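K.L.:
I would like the atomic coordinates for the input below:
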Amino acid sequence: MRSKVALVTGASSGIGAAVARQLGSAGMQLVLAGRNPERLGAVAAETGASEIFVGDLEADGVVAALSHRAIERFGGVDLLAHSAGLFLAGTVEATPVAALIRLFRLHVVVPYCLTQALLPALVERKGQVVFINSSAGAHPAKAELSGYAASKHALHALADSLREEVNPRGVRVISVYPGRTATPMQEEVHRFERRAYLPERFLTPQDVAAAVLSAVTLPRTAEMTDLHVRPFSR
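P.N.:
Okay, here's the model as predicted:
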């Protein structure tokens, strides 16, 4: 029986790397994409990934090259996990439009285009698409997070619309909304907030990845559509 193939973006670190480890432990062949060759290589060595792709998904032509690589090597994928993310903050008054465009490009346009390119195989294989979103995409936006929150709400809408389109063809679509998670991005958030970074108070990337694995391994009679994961206060 053919092993299922999973493509994970943002797999160099944080939640993306943890998702790759969980999917690899479940026996999936992995295609890992990320910007940092050293970190991506380390995750690939740890997980036994079948293919790595080093590139900046924001750059022209990179998404097309990544999808072509997956199709050429495996004929497509069974699971597509969008984990690449970027944090930029600032007021509407002062934040350059270029920052807004960059957020929408990585959080919306890249997942849209990559999903579109791989959708024929996902439909054929009755696969799954996982969008790693953010609590910012599920709640009213806070001050100075207009661009980031707007891009995450747009990602929410993309996932919901895609689900309506492809559920009838056997493809499951899962949006994951992690609370604060101890990742390099969370360190950036705390620098912006001018607060002490105390990772022991937050989710670990492994917590989020374990929840993702539970969702994607549900029996085919069920679908987890919106998965909210929060730190557990004791």
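
K.L.:
Need the phi and psi values for the residue located most distally from the centre of the chain.
P.N.:
Here the chain reaches farthest from its C-alpha mean at Glu93, the gap being 29.4 Å by C-alpha atoms, centre = their mean. For Glu93, the backbone dihedrals (degrees, to the nearest 10) come out as phi -60, psi -40.

K.L.:
What pLDDT is listed against it?
P.N.:
Each residue has a pLDDT score; the one for Glu93 is 96.

K.L.:
So in the protein, where's the weakest helix or strand by average pLDDT?
P.N.:
In the chain, the helix or strand scored least confidently by mean pLDDT, DSSP states H and E is helix 184-193, which has a mean of 66.

K.L.:
got the buried residues for the following helix or strand past it?
P.N.:
Sequence order places helix 205-216 as the next helix or strand after helix 184-193, per DSSP states H and E. Buried positions in helix 205-216, judged by neighbour count with 16 or more other C-beta atoms under 10 Å: Pro205, Gln206, Asp207, Val208, Ala209, Ala211, Val212, Leu213, Ala215, Val216. Just so you know, the C-beta spots here come from the backbone N, C-alpha and C atoms, and that holds for glycine as well.

K.L.:
Quick one: mean pLDDT over helix 205-216.
P.N.:
96.

K.L.:
Contacts for it, please.
P.N.:
Applying C-beta atoms under 8 Å, 6 or more residues apart in numbering, the contact partners of helix 205-216 are 14-15, 17-19, 21-23, 25-26, 79, 81, 128, 130, 132, 172, 174, 176, 178, 181-183, 224, 227, 229.

K.L.:
Please compute how far it lies from its chain's middle.
P.N.:
12 Å (C-alpha atoms, centre = their mean, to the nearest Å).

K.L.:
Show me where this protein has its strands.
P.N.:
Secondary structure of the chain (DSSP state E): strands located at 5-8, 29-34, 51-54, 79-82, 128-132, 172-178, 226-229.

K.L.:
Kindly reformat these as a markdown table containing mean neighbour count, mean pLDDT and distance to Arg73.
P.N.:
Formatted as a markdown table, the strands of the chain follow (neighbours: other C-beta atoms under 10 Å; pLDDT from 0 to 100; distance: least, C-beta to C-beta, whole Å):
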| stretch | mean neighbour count | mean pLDDT | distance to Arg73 |
| --- | --- | --- | --- |
| strand 5-8 | 29 | 98 | 9 |
| strand 29-34 | 26 | 98 | 7 |
| strand 51-54 | 18 | 97 | 6 |
| strand 79-82 | 28 | 98 | 15 |
| strand 128-132 | 26 | 98 | 19 |
| strand 172-178 | 24 | 97 | 23 |
| strand 226-229 | 16 | 95 | 29 |
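
K.L.:
Select, out of the ones you listed, the one closest to Pro140.
P.N.:
Minimum separation from Pro140 across those (C-beta to C-beta) falls at strand 172-178, 13.7 Å.

K.L.:
Adjacent strands (with direction) for the closest one?
P.N.:
Applying DSSP bridges to the sheet, strand 172-178 is found paired with strand 128-132 (parallel), strand 226-229 (parallel).

K.L.:
so Lys152 touches His139, yeah?
P.N.:
No - taking C-beta atoms under 8 Å as the definition, Lys152 is not a contact partner of His139, at 9.8 Å.

K.L.:
Show me which of these two is the more surrounded one.
P.N.:
More neighbours surround Lys152 than the other of Lys152 and His139, with 25 against 12 (other C-beta atoms under 10 Å).

K.L.:
The nearest residue to that one once chain neighbours are set aside and Ser214, how far apart?
P.N.:
Residue nearest to Lys152 in three dimensions, not counting chain neighbours: Gly137, with 3.1 Å by C-beta to C-beta, 6 or more residues apart in numbering. Remark: distance between Gly137 and Ser214 (C-beta to C-beta, to the nearest Å) = 20 Å.
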